[in-house]
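**Q** Here is the input, now give the coordinates:
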Amino acid sequence: MASVTMSYLHHLEELRRRIIVCAIALVVAFAVAWIFAWDILAVLKAPAGSLTLNYMAPMEPFLVRFKLALFGGVLLAMPVVLFEILSFVSPALKARERKYTVMVMVLIVAFFVIGVFFGYKVIMPPGIRWLFNVAGGQMNPVISATQYVSFSGWFMIGLGASFETPVFIWFLVVLGVVTPQQLQKHWRWAVLVILFVASVITPDWSPVTMALVAAPMAALYAISIMLARLTVRRKTAAAAAIEAAGMES
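**A** Below you'll find the model as predicted:
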């Protein structure tokens, strides 16, 4: 009983330590992003062309800078937070599963960056132009800085998260939760989910930009199935090799 209690307390202490590390990483990343907040804003404004942002209240410049620092801080601290989460759960995994944790972390960061870059370069410029053109020259834009930062920040985070599909599915296959056959069988449901997500995260809800978002997500799902098959094939081959070695001995 005492050993169980000590083990429980040890896990709580490790959890506390890792939460503190994550909090420190977020605070430091927030401070760095706060310093470079207006540079971040200039980058966010680029897809909209020569856009002038306005503020409507005395507190708004502070809130805009706070949001920029928050978005930037989360992105900068994400690798540290992911590493701490995976390090905490890895002892509960089998040795075969534990060796994938570092690879998973690298893939999560890589696919997220690719998704953000894709949204920034490919989706946002035509999406914003389409939204402005809807006015038909009958209205002049007075864009709130707070609304624009929220709009662009959440869109890129949403698209970056949607690009995690192959990593998420691949990890489920490694853990044996799903199989390639199940993924292929339910592809119609996957397409419906992809279309729903695309309709939620696109900035203008136009069919063109929705297609630009949905097409890479569908391609990523197809890549997930191929990765799943490759993973299962390698697991099967490794299990067969171990069984053959056991029979020989």
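
**Q** Low-confidence stretches in the protein?
**A** Across the chain, the ranges flagged by pLDDT under 70 are 1-11, 90-100, 203-206, 208, 238-249.

**Q** so where does the residue nearest the centre of it fall, helix or strand?
**A** Taking CA atoms, centre = their mean, the centroid of the chain lies closest to A161, which sits 2.7 Å from it. Using DSSP states H and E, A161 sits within helix 145-162.

**Q** name the helices or strands packed onto the particular helix or strand that has V193 in it?
**A** If you go by DSSP H and E, V193 is part of helix 187-201. Contacts defined by 3 or more CB pairs under 8 Å, 6 or more residues apart in numbering; DSSP states H and E place helix 187-201 against helix 145-162, helix 207-248. To be clear about C-beta, it is placed using only N, CA and C from the backbone, and glycine gets the same treatment.

**Q** Let me have those in a markdown table, adding distance to L172 as columns.
**A** Listed next are the helices and strands packed on helix 187-201 as a markdown table, based on distance: least, CB to CB, whole Å:
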| stretch | distance to L172 |
| --- | --- |
| helix 145-162 | 16 |
| helix 207-248 | 9 |
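
**Q** Can you say which of these is packed in most?
**A** Across the helices and strands packed on helix 187-201, the average number of neighbours (mean count of other CB atoms under 10 Å) peaks for helix 145-162, which reaches a mean of 20.

**Q** Next SSE downstream of that helix?
**A** helix 165-174.

**Q** CA-only coordinates of that following helix in PDB, if you can.
**A** Extracted in PDB, the C-alpha atoms of helix 165-174 (Å, rounded to 0.1, in the frame of the first residue of the first chain):
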ATOM      1  CA  THR A 165      -4.700  14.400 -39.400                       C
ATOM      2  CA  PRO A 166      -1.900  12.100 -40.600                       C
ATOM      3  CA  VAL A 167       0.000  12.200 -37.400                       C
ATOM      4  CA  PHE A 168      -3.100  11.600 -35.300                       C
ATOM      5  CA  ILE A 169      -4.300   8.700 -37.400                       C
ATOM      6  CA  TRP A 170      -0.800   7.200 -37.600                       C
ATOM      7  CA  PHE A 171      -0.400   7.200 -33.800                       C
ATOM      8  CA  LEU A 172      -3.800   5.600 -33.400                       C
ATOM      9  CA  VAL A 173      -2.700   2.800 -35.800                       C
ATOM     10  CA  VAL A 174       0.500   2.400 -33.900                       C
END
